[in-house]
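J.: sharing a sequence plus its predicted fold:
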Amino acid sequence: MADKKIPEVDIIVDEKAGVIKEVEQPKKLRSKKGHERRVNGTIYTVLTIMSIVWLVPFVFLVLQSFRSYKLEKGGMVDYLIPKTFSLDNYAFLFEGSNFFSWCGKAMLLAAAVALAATLLTHFLGRSLDRADASRGKTTLTLGAAMAVCYAALAIAAGAVHGQALGQRLVPALLGLVLFTAAGVIFARIYLKQDDKLLRSLPGYVAEDKHEGAKKVATLAAELWALALLCQCIVAPMQASQYIRWYGNTLTIALFTAVIQTVIVLSVSYALSRLRFRGRKLIMNTVLVLGLFPGFLTMITLYFLLKQMGLTQAGAVPGLILIYCASSGMGYYISKGFFDTIPKSLDESARIDGATRFQVFLKIIMPLAKPIVIYTVLMAFMAPWGDYVFASYVAFGHQEGYNVAVGLYNWVNTNDFQNYFTRFCAGGVLVAVPITALFMALQKYYVEGVTGGAVKG
Amino acid sequence: MVDLDYLKLSKPQKMLHDLGQFFARLPGRIGGGLKGLALAVGRCLKGLGLSIADLFTTFKNGDWKTRLSYLVMGSGSMARGQWGRGLLFFLFQTVFNLYMVNFGIGYLSKLNTLGVVETYKEGRKTVYGDNSFLILLYGVLTLFFVAAFIYTWRVNIKQNKISQQLLASGHKLKSTKDDLASLADSQFHKTLLALPTLGVFVFTILPIFFMILVAFTNFDYNHQPPAKLFTWVGLENFRTLLSSGTASYGDTFRQVLFWTLVWAFFATFLNYFLGMLVAIMINKKGIRLKKVWRTILVMTIAIPQFVSLLYVSKMFAADGLINTYLMKWHWISQPIPFWTDPGWARFTIILINIWIGIPYLMLIATGILMNIPADLYESARIDGANAMQMYGKITLPYMLFVTGPYLLTSFTGNINNFNVIFLLSQGKPMGLAGNAGYTDLLITWLYRMTVTDTNYKIAAVIGIMVFVVLAVINLVVYNLIPSVKNEEDFQ
Amino acid sequence: MKKILSLVLAVALVLTLSCAALAEGYSGDLKVWVADAAVDFTNQQIEAFKAANPEFADMTVSVEAVGEGDAASKVITDVDAAADIFGFAQDQLARMVAAGAVEIVEPANAEVVKAENDAGAVAAVTMGDELYAYPLTSDNGYFLYYDKSVVTDPSTLEGILADCEAAGKSFYMEINSGWYQTAFFFGAGCTLTYESDNDGNLTACNVDYASENGLKALKSMIALANSPAFVNGSSISNATNVAAIVDGTWDTEAAKELFGDNYAAAKLPTVDGYQMSGFGGFKMLGVKPQEDEAKLAACDALAAWLSSGDVQLARYEVLGWGPSNLAAQQSDAVKADVALSALADQLQYTIPQGQYPGDYWSLATGLGDNIIGHKYDGADDEALMTALTEFQDTCISYAG
């Protein structure tokens, strides 16, 4: 508010005297604007200082990562700006691998195959749906189309990346199943015109004409990502140690994200909406179990995994198993979210004859998008920072390390002198994607945490 | 005290009164709790007795199908046409029998001694004897398996009884197809919970039970399978940990426990109030670039802790950045022993934890502050309240009410906050007996016991102690919260 | 008839014996754990070993990079999954023997080891009267690296500190480590050793820190901590502004790069009139107990090969690890090495590091931290003696 030149006045009605008086506002209120500006000024100063303090370590970290380990020796040196900015540290991380050439070829290949697959799916799907063919026929045709696309991808990948045909049978089959299944699912979702149950929901909005184009574009993007993934399986790149650790952690994170979400949502839905004998017992048991420290069971878990052969060379599946198996105990926040969805939706659907499973899948899941994203985000981010279990399960087998163990060894073991700047570079490469992901999905994180906290 | 008199007291006096009442009623409450426990146990035993009696009556009243099921699980169901169920039961029994004959009996029989056959050398090669670890592990697994079998057998009998009664009264039994369909409907909870429960059971319950048992053995680096055996020692480990005297495990335990509680207290409440302060500052009307401030602070959450904490710990080292620049500017002449002096180390850790914790709390506080109806503040301002009064009478109670349970979980989490301590100081400076350090939490001490010292018996006891501490805190707080927060006052 | 029978039996016997002789050797898997820097070298040596010993040519040997510090803990945690041959330092030997994680050296090899390696190394691998590992290096001791242009005379600590202070540079020594700390105490004349039995249990402690000598040592350390040039640390790669550092041969390359033309090394200086002493450390290869005699024989053979004189010399040339083999130590290359000469010079003042309980290291760190934190500044002799007595009593309590 601009400062007025006219003195501030208050109009007071003096009823007894029957007069309207003008009284000058006391000084306290007049200087309130100045006071508020001073307060705001202080707040701005404090916030600026805070921002600097919070950002400073990361800025230094990034700066240090540009200090070449070959040219400027030393761990934590006493100057901040490197004398020469060089990418030596980053180059070291990729040393001995064909990362860049592989990526280039892979992305182009994936784009070509995704485009072909999308067009095929789009036109095939459209024509079959119009003809009102039975579900089975549509799925079969789409599946066959996907298989053809995958075969084309596999052959092309072999040729482009210089891998021999028929070198990897099992991974190739796995990729085939993945590609076909995912393609069919995507196609059904995006091209399906008719869904009675969805239409019956209040607030269902009919499609607009841009929906179609958006759907196809999304389908193309997802097929592209899938084709990229399949190339990792069929014609993997030659990796350096850091890339292998990064790849391990990425694999663990992806699998954990999916499996853990499924488990947590199942458990929280069951405890929230379904009533059965033993429900209270389960909730109390989980509460009590949660009071035990997690590391207590490390040695037992290690030997359990060892009996199953999932340590050392099998560290990656072993870690996925550890993270996912007990994840059902972390149902609390999701349950709080499910509790807020009105039960009337369930009831009306059940009256219409849906089974509980259909209610879960078709009605509740679409509404649970925020909590699903929150759970996926949390499950994805956790494996990147886990040092304890990862180092224990890998048991000295360097190929099975995740990034945390590898980088921790670089900076804390006396065997690795002079790895400090390389640690900084490795840390930056881990931090940047995770931070970007978190910032993009920040809204869901806040919803999840405050939702759970508020509901208590 | 009469209610009217109570209402006349001021706020702090009320709290004092509540607290006093809580402790006064405590013996009564504990007595009541114990009585309740005894009653519950009594009810359990009675239920057990009834169950066993029921077994006999079912056998007496049962037809040949039911009676056969006592021996061959599932035969009754199969004979009555419920093939799916019957087959499942039968399969379970077969697997159980095979398991017991081949492994179970062997391990169970050795459970009381945990192995007696020692390892010996034949010439140059080693011939391993009993492996105490595997005996204990598989023995416990077998015990659980036996318990599960008895439970399933009981269910089998009950189902037979119900089926028999249903048929006698003229109803039809559910076919296998019905059973499968019900998995998606009335038994949906079983479908949803089957796999998670199995996972929790094998990967949490079994290991915890196993480690609790280890606390009663002498499993350490001197008794390391497969070369050496370990055996039961009863409560000796607990005596060691709770022993008195200086430079003993007991003394270390008390010191570490004290620091753990102090740390958790500071870490939770300092972060809480500072985070709230920051949130209020950013949220204040008239502050621009709200999103920018929030984004900058939130970025620190996203960056993986092992990167940021490792770097920051090096920053505070004796020859790290902070000391170097402080010395360059001649503020100090000797480097500050951030990590080598116990007092400094503890202070530094709490300080750095503020750096980590404020963004979380700020986010939560922001979300909640936005929910406080603005007209509350407006009316307060019209009434002439200043900022402090508004904070104390509106913001604070609302926040405390809403995040009460969160504070408890946060406190519990900080007691078990391994990452921060491990990455920053690894528990150093060392100096306490039993290989503990001055910034060690119970949980980092446990980690060192397990991984570096391989002294599992003490690690198990520490784990149990952590559990006891947390259970006590949770119980106390859950009972205190209703008496401290007062809904009418809040409204 | 009898003659034919006995002939047949004799032939059968000969055939079986020859088959047994041919069947000697081992063709299964073998796992080796060495430090990250030594992986490539070890792989080459294994190829050479297989070439020289055809009965082991079919073995599959995998080499993994596991640091010596971690190796011992990992082997004790899970002997079954651990490597068959692993490198570790001698301070872990007692724990490993107590846990039954390391096998006695084959008697024939033991004789060779005793004859060919220096006394300190042999003492380090011995527990009771058995040899439990194959010595690899005698260079796990420490000495002084310094910048020739800053430190003119490295023979006294006071001189070094004066030079560093004048040039505004630092003198690094990790006095809060029970390993480096002993340089003062042992140099002043104190003892601190533990006796152990064949099973690796500590039976007695010989310590006399609470004495005039101990007081002298403690005062030297307090004076050092009060010097503006002093920084606590021992890693030259993480050092800033360093002119002199008490460090070991693992940092030779880093020191050479940092000091460039001014690189120099010497034995530890004297302080307050007495020569700083310390520990001599040794690295060794252990073999884990095997259930298969053929595999054990293979492990023994490979370990003996990797710790033989020629391979130790080759390892020095590639990695710079000072050999424990007497013949290798006399070679020209080793003698010409500045750092190793300094170390050899220093080694005559050191005692071989025996077995110490894990708690000792924490205790010593506590003492060092107190010195660094200036807790003892201005304390009188009585207070210092109390601290030393407490230290001594705690050390004694760790034995038996």
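T.: Received the coordinates, thanks.

J.: enumerate the residues of the stretch 151-300 of chain C near chain B.
T.: For the stretch 151-300 of chain C, the contact set with chain B under Cβ under 8 Å from any Cβ of the partner chain comprises C:170, C:176, C:201, C:226, C:228, C:231-233, C:238-240, C:289-293, C:296-297. (Each C-beta comes from the backbone N, C-alpha and C, glycine too.)

J.: can you do 7 Å?
T.: Along the stretch 151-300 of chain C, the residues adjacent to chain B under the rule Cβ under 7 Å from any Cβ of the partner chain are C:176, C:228, C:231-233, C:239-240, C:289-293, C:296.

J.: which one (most neighbours) among these?
T.: For those, the largest neighbour count, defined by other Cβ atoms under 10 Å in any protein chain shown, is 28 neighbours, found at residue C:176.

J.: for that residue, which non-adjacent residue is spatially closest?
T.: Sequence neighbours aside, residue C:368 is the residue nearest to residue C:176 in space, at 2.7 Å (criterion: Cβ to Cβ, 6 or more residues apart in numbering or on different chains).

J.: for the helix or strand that contains residue A:358, give me every contacting residue.
T.: In this structure, residue A:358 sits in helix A:356-358 according to DSSP states H and E. Contact with helix A:356-358 is made by B:184-185, B:188, as judged by Cβ atoms under 7 Å, 6 or more residues apart in numbering or on different chains.

J.: export the residues you listed as CSV, with columns for distance to residue C:78, secondary structure and pLDDT.
T.: Converted to CSV, these look like this (distance: Cβ to Cβ, whole Å; DSSP: H, G, I helix; E, B strand; the rest coil; pLDDT from 0 to 100):
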residue, distance to residue C:78, secondary structure, pLDDT
B:184, 44, coil, 76
B:185, 47, coil, 77
B:188, 42, helix, 82
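
J.: packing partners for the helix or strand where residue B:255 lies?
T.: Residue B:255 is part of helix B:249-283, with elements assigned from DSSP H and E. Using 3 or more Cβ pairs under 7 Å, 6 or more residues apart in numbering or on different chains; DSSP states H and E as the contact criterion, the secondary-structure elements in contact with helix B:249-283 are helix A:32-65, helix B:236-241, helix B:290-302, helix B:342-369, helix B:396-415, helix B:442-451.

J.: would you mind finding the most buried of those?
T.: A comparison of the helices and strands packed on helix B:249-283 by mean neighbour count, using mean count of other Cβ atoms under 10 Å in any protein chain shown, puts helix B:442-451 on top with a mean of 24.

J.: and the angle for that helix with helix B:249-283?
T.: Here the directions of helix B:442-451 and helix B:249-283 differ by 130 degrees (axes from the mean of the first three to the mean of the last three Cα atoms, to 10 degrees).

J.: check contacts around the residue sitting nearest the centre point of chain A.
T.: With distances taken as Cα atoms, centre = their mean, chain A has residue A:377 as the residue nearest its mean C-alpha position (3.7 Å). Listed by Cβ under 7 Å, 6+ apart, the contact set of residue A:377 reads A:441, A:444-445.

J.: and the strands in chain B, which stretches?
T.: Taking DSSP state E to define them, one finds strands in chain B at B:120-122, B:125-127, B:430-432, B:436-437.

J.: of those strands, which shows the lowest average pLDDT?
T.: Summarising mean pLDDT across those, the least confident stretch is strand B:430-432, with a mean of 74.

J.: from the chain's centroid, how far away is that strand?
T.: Taking Cα atoms, centre = their mean, to the nearest Å, the mean C-alpha location of strand B:430-432 is offset from the chain mean by 27 Å.
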